[in-house]
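Enquirer: Compute the structure for the input listed below.
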Amino acid sequence: MQNPQTIRNTAGLAERLAPDTEAVADILRQQVASHVPLVSEIAGHLLDAEGKRLRPLLTCAAAHLCGTPPDELPKAHKLAAAVELMHSATLLHDDVVDLGALRRGQPAANVVWGNKASVLTGDFLLGRAFGLIVEVGCPSALQVLARAAITVSEGEMLGLRTTRRTDLTRAEIIAVMEGKTAALFSAACEAGACLVEPENLAEPPVGSKRAAMAEFGQAIGLAFQMVDDLLDYEGGSAVTGKAAGDDLRDGRMTLPVWLAWQAGDDSERAFWHRVLVEESNQGNSPVLADSVAIGRASGGERSDEGEQSGEGQKAAHKATHKATHEAHQKATHKAPHKAIQKATHKAFQKAAVGEQSGEDAPQHPESNESPSRSNTASMKDNLKLAQALLVRHGVGDMVRGEASGLLAEADMILKGFPASGLREALEKLVREGSRRIS
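Expert: Residues are numbered from 1 along each chain as shown. Coordinates of the predicted model:
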């Protein structure tokens, strides 16, 4: 595999749409301005980071591809800027919920300024986004982007409810990806077509430009998220701009893990259960139990937001750990100690049933090392074992194959539009993305 960043290389399309991207950048600079300096500082910290701004680029491309008149393009630029503001707001909120430490290769805003300021700045950006949409005066675009905002929020909540679970179906995992990521990609593309087909309908008519653009964005978004989830294991912060292993650390059963789970034996499933359910309770995981509010649970201590007392959170942590421990014991009691092939045999077999000992074992909190340092070492070991299992079962090839299929669908949708230099640039973007992940 070459550079694994699927469709993130937008240079060719951005060059063709340079006047549009400059106009969008000007609008964004204006919109992050606030009479409260801290708001501008936090918003600028995120927007000035080296992001590809793929979503607003797709909005502008869709507007041109669908035949938006030149005098209407400033409206398309406002819609594109609104899409980027919405996306930036979700990133600020996500990093608080997930306790993210890195974003676009630099410290996340919540690490620099704290959770409260990050959440409030995200709210500010959402307000700015919908102010721009209202200025455009296109009810259909307002409906499309408002629906996307709702779907993204629901997707995030669904993501929380599916954390620290190993009984998920493929459909549930896809639903999270569709809500958290694909919905905004789809809306970004459909909004670009709304200026040409402004009818305020609940759903775009079958065969319309809006419908085609919505489907195109959906396919791109799903492919993007599939490979992004894979990069959490195959990539690193230099590639993704985020810390490696975040999904594993937070107990998320993403598509790559689900595929490995389905292909694995009892011992491997015991390992996944331990790291996703039991150990994701510890250290800096945002989830203590399905019914407990998200907060910064540092070793079971109080949330930094003060939403739950230290004693209450300790009790929740203890109860949850006991329940998951009993479930794990029940699962591993039935699991035979099968021979695990290749070099990971000894380390994996011990890790799967929590029997680390000797020189090869990661240190535990009760050792001379501090709990935080020990947990970090243990997570590194878990990540290496998880990576080995994904390789063993060919998960990377399976995910890349599915993503390539989605990009092929996107390519076919483009063929329904008249040939043009812009269509050619979009096709090149899609095909290059497929080539890079194949």
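Enquirer: Strands along the stretch 51-200 of the chain, start to end?
Expert: Here the stretch 51-200 of the chain has its strands, by DSSP state E, counting those that start in this stretch, at 102-103, 106-107.
Enquirer: Give the burial count for K116, as a bare number.
Expert: 12 (other Cβ atoms under 10 Å). Using the backbone N, CA and C atoms, a C-beta is placed for each residue, glycine as well.
Enquirer: do you know how far it is from D94?
Expert: 16 Å (Cβ to Cβ, to the nearest Å).
Enquirer: all helices of the stretch 151-300 of the chain, in order?
Expert: Secondary structure of the stretch 151-300 of the chain (DSSP state H, counting those that start in this stretch): helices located at 170-177, 183-194, 209-234, 237-240, 246-249, 255-263, 266-273.
Enquirer: Deepest-packed of the ones you listed, please.
Expert: When you average the neighbours per residue for each of these (mean count of other Cβ atoms under 10 Å), helix 183-194 leads with a mean of 29.
Enquirer: quick one, which of the helices of the stretch 151-300 of the chain is nearest to K75?
Expert: For those, the distance to K75 is smallest for helix 183-194, at 9.3 Å, taking Cβ to Cβ.
Enquirer: picking up where we left off before, weakest of the strands of the stretch 51-200 of the chain by average pLDDT?
Expert: Mean pLDDT is lowest for strand 102-103 out of these, coming in at a mean of 78.
Enquirer: how many neighbours does the closest residue to H87 other than its chain neighbours have?
Expert: For H87, ignoring the flanking residues on the chain, the nearest one in space by Cβ to Cβ, 6 or more residues apart in numbering is R55 at 5.5 Å. A count of nearby residues for R55, using other Cβ under 10 Å, gives 23.
Enquirer: list the contacts for R55?
Expert: Applying Cβ atoms under 8 Å, 6 or more residues apart in numbering, we find R55 in contact with A80, V83, E84, H87, L184, F185, A188.
Enquirer: Throw those residues into TSV and include distance to V112 and pLDDT, thanks.
Expert: Output for the contacts of R55, formatted as TSV (distance: Cβ to Cβ, whole Å; pLDDT from 0 to 100):
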residue	distance to V112	pLDDT
A80	27	98
V83	25	98
E84	21	96
H87	19	95
L184	25	97
F185	28	97
A188	28	98
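Enquirer: Surely G235 and G245 touch.
Expert: No - using Cβ atoms under 8 Å, G235 is not in contact with G245; the gap is 10.3 Å.
Enquirer: Show me the shaky parts of the stretch 101-250 of the chain.
Expert: 104, 236-243 (pLDDT under 70).
Enquirer: Quickly list the domain ranges of this structure.
Expert: 11-247+397-437, 265-392 (automatic domain parsing).
Enquirer: Determine which stretch of those is the most buried.
Expert: Taking mean count of other Cβ under 10 Å, domain 11-247+397-437 is the most buried of the domains of the chain, at a mean of 20.
Enquirer: Show me how far that one is from its chain's centre.
Expert: 11 Å (Cα atoms, centre = their mean, to the nearest Å).
Enquirer: Identify the residues contacting stretch 75-84?
Expert: Here stretch 75-84 makes contact (Cβ under 8 Å, 6+ apart) with 20, 23-24, 27-28, 31, 47, 53, 55-57, 59-60, 63, 68, 128-130, 132-133, 135-138, 141, 145, 184, 187-188, 191-192, 194-195.
Enquirer: same thing but 6 Å
Expert: Stretch 75-84 is contacted from outside by 23-24, 27-28, 53, 55-56, 59-60, 63, 68, 129, 132-133, 136, 141, 188, 191, 195, using Cβ atoms under 6 Å, 6 or more residues apart in numbering.
Enquirer: can you check stretch 136-145 too?
Expert: Counting by Cβ under 6 Å, 6+ apart, K75, K78, L79, I133, A187, E190, A191, C194, P198, N200 sit against stretch 136-145.
Enquirer: Name the nearest of those relative to T169.
Expert: Nearest to T169 among these, with distances taken as Cβ to Cβ, is A187, at 25.7 Å.
Enquirer: right, and the closest one touches A148 too?
Expert: Yes - A187 is in contact with A148 according to Cβ atoms under 6 Å; the separation is 3.5 Å.
Enquirer: so where's the stretch 301-438 of the chain shaky on pLDDT?
Expert: In the stretch 301-438 of the chain, residues with pLDDT under 70: 301-377, 438.
Enquirer: again, only using 90
Expert: Along the stretch 301-438 of the chain, segments meeting pLDDT under 90 span 301-380, 429, 431-438.
Enquirer: Now for L58: which residues touch it?
Expert: Contacts of L58 by Cβ under 6 Å, 6+ apart are A188, C189.
Enquirer: out of the domains of the chain, nearest to L259?
Expert: domain 11-247+397-437 (5.6 Å).
Enquirer: Greatest separation within the contacts of stretch 136-145: which pair is it?
Expert: K78 and N200 (18.0 Å).
Enquirer: about what we covered before: same list, the strands of the stretch 51-200 of the chain, but as TSV with distance to E278 please.
Expert: Listed next are the strands of the stretch 51-200 of the chain as TSV, based on distance: least, Cβ to Cβ, whole Å:
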stretch	distance to E278
strand 102-103	25
strand 106-107	29
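Enquirer: Mind checking those for the one nearest to D229?
Expert: That would be, of the strands of the stretch 51-200 of the chain and by Cβ to Cβ, strand 102-103, which comes in at 16.6 Å.
Enquirer: now for the closest one, which elements pack on it?
Expert: Contacting strand 102-103 under the criterion 3 or more Cβ pairs under 6 Å, 6 or more residues apart in numbering; DSSP states H and E is no other helix or strand.
Enquirer: would TSV of the domains of the chain with distance to L259 be doable?
Expert: Converted to TSV, the domains of the chain look like this (distance: least, Cβ to Cβ, whole Å):
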stretch	distance to L259
domain 11-247+397-437	6
domain 265-392	8
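Enquirer: if we compare those domains, which one ends up closest to V257?
Expert: So among the domains of the chain, domain 265-392 is nearest, using Cβ to Cβ, at 6.5 Å.
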